[in-house]
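Visitor: Please find the sequence and the predicted model below.
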Amino acid sequence: MGILILMSLFWGVAKTPFAQEKQVSKVPIQTSPANSGPEMFKQYCAACHGPRGKGDGPAASELKQAPADLTTLAKRHDGKFPGSYVASVLRFGVKEPAHGSSEMPVWGPLFSSLNQGQSNVDMRIANLTSYIKSLQVN
C-alpha cells in the first residue's frame, strides 16, 4: 500500500513546545471517491493548500516552501487555466523547483497504489484538475 507523508500538525500529533523541527507522519493513503473532485481535494490537498485552495492549510506553516495559491493559476497563466500542467504536477510531481516544492506528494503513484486500475488513476487526476479549475478567481 502506498504511503503518504502528511504533516503531523494536521493529523493531530501534537508538536511539543520544545521541538524545533517539524514532525512528519507517514500514514497509508486512504481511499476517497474517484468521481468527486471536492472530496479528493478535501482529503488529499486541503491540509497544505487549504479548504479553498489559497495555500493556507493547517500544515502550510510546517513546509519549507509555502504551498501554491491554486485559486490564481489562471491569472498567473495569462487568464487561461493550465489544465495539462496541473494534471502533470498531480501525476508526476513538480519538476521545476521554482514552481513548487518537492514536499508535495506525487499523486500518480499514490493513486496507483490503491490498486483500482489506470482508468481510475486517470479519473482521479481529471476530477481533481477540474475541481482546481473551479476554484479560479477572476
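Guide: That came in fine, so what should we check first?

Visitor: which of the residues in the helix or strand in which A74 is found are buried?
Guide: Here A74 is covered by helix 73-76, with elements defined by DSSP states H and E. For helix 73-76, the neighbour count (16 or more other CB atoms under 10 Å) marks 73-74 as buried. For glycine as for every other residue, the C-beta is placed from the backbone atoms N, C-alpha and C.

Visitor: which residues sit against that helix?
Guide: The contact list for helix 73-76, computed with CB atoms under 8 Å, 6 or more residues apart in numbering, reads 80-82, 86, 132-133, 136-138.

Visitor: Contact partners for the residue nearest to the spatial centre of the chain?
Guide: The structure's the chain has its C-alpha centroid closest to C45; by CA atoms, centre = their mean the separation is 3.5 Å. Contacts for C45 (CB under 8 Å, 6+ apart) come out as 53, 57, 70, 128.

Visitor: re the thing from before, which residue in the contacts of helix 73-76 has the weakest pLDDT?
Guide: Across the contacts of helix 73-76, the smallest pLDDT goes to N138, namely 76.

Visitor: ok, now which ones touch that residue?
Guide: Listed by CB under 8 Å, 6+ apart, the contact set of N138 reads K75.

Visitor: try 10 Å
Guide: 74-75, 79 (CB atoms under 10 Å, 6 or more residues apart in numbering).

Visitor: Over to M104?
Guide: Here M104 is in contact with 5, 45, 48-49, 63, 65, 67-68, 89-90, 93-94 (criterion: CB under 10 Å, 6+ apart).
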